[in-house]
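J.: Any chance you could fold what I've pasted below:
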Amino acid sequence: MGDDATKAEVAAVIKDIFRAFEEHRPDGIEAHMHPDVTVWDVFTPQLIQGTAERQKFHAEDQAQMQARGPLTLTIEDPVVDAWDNTAIARYYLEFDYQPPNAAQGRVRITNVLRKIDGRWLIVHHHEGLVPTGVPPITE
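T.: Numbering: from 1, shown residues only. Prediction:
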């Protein structure tokens, strides 16, 4: 659903957000967020809501990023569906932090976007680590 131009616009928003993250520019991330956006982050247990919580989250996220070695991000092309002024994008992201404090993983992400005043803005961002399989049954 949705035309190729819409899919390309949404994909560009996603790529720009992660470029801003890699460049340590939370303002570049926020430029694509609706003021009332909610966020489930892969490293944060609570739902992030409101400007103050997002600012605190960005500061903590940048601090953890700075405490690690170089980062490599790989983002797969999103699957995008759109209806009028609403779109949903689903995609995978691989992250690999080198030492010190190395970490790596594969994350599945869903973004819900609304087109407001001609711009696609994220109204909800949801991240979760990709499961590695079914836990063993021991009973």
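J.: Show me which residues of stretch 20-38 are buried.
T.: A20, F21, P26, G28, I29, E30, H32, M33, H34, V37, T38 (16 or more other CB atoms under 10 Å). Every residue, glycine included, has its C-beta placed from N, CA and C.
J.: neighbouring contacts of that stretch?
T.: Applying CB atoms under 8 Å, 6 or more residues apart in numbering, the contact partners of stretch 20-38 are 13, 16-17, 19, 47-51, 54-55, 58-59, 62, 65-66, 71, 73, 114, 116, 120-125.
J.: List only buried entries from those.
T.: Buried subset of these (neighbour count, 16+ other CB under 10 Å): V13, I17, I48, R54, H58, W120, L121, I122, V123, H124, H125.
J.: Inside helices: which ones of the contacts of stretch 20-38?
T.: Secondary structure defined by DSSP state H assigns 13, 16-17, 19, 50-51, 54-55, 58-59, 62, 65-66 of the contacts of stretch 20-38 to helices.
J.: Buried residues, stretch 39-46. List them.
T.: V39, W40, D41.
J.: CA atoms only for it, dumped as CSV, please.
T.: The C-alpha trace of stretch 39-46 is given here as CSV (Å, rounded to 0.1, in the frame of the first residue of the first chain):
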residue,chain,number,x,y,z
VAL,A,39,9.3,5.7,22.2
TRP,A,40,10.1,2.2,23.2
ASP,A,41,13.9,2.0,23.1
VAL,A,42,15.9,-1.2,22.9
PHE,A,43,18.0,-0.3,26.0
THR,A,44,15.3,1.5,28.0
PRO,A,45,12.6,-0.4,29.9
GLN,A,46,10.0,2.3,30.2
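J.: hmm, back to that, name the nearest of the buried ones among the contacts of stretch 20-38 relative to L93.
T.: I17 (10.7 Å; CB to CB).
J.: In the sheet, which residues pair with W120? Tell me.
T.: W120 has these beta-bridge partners by DSSP bridges: K115.
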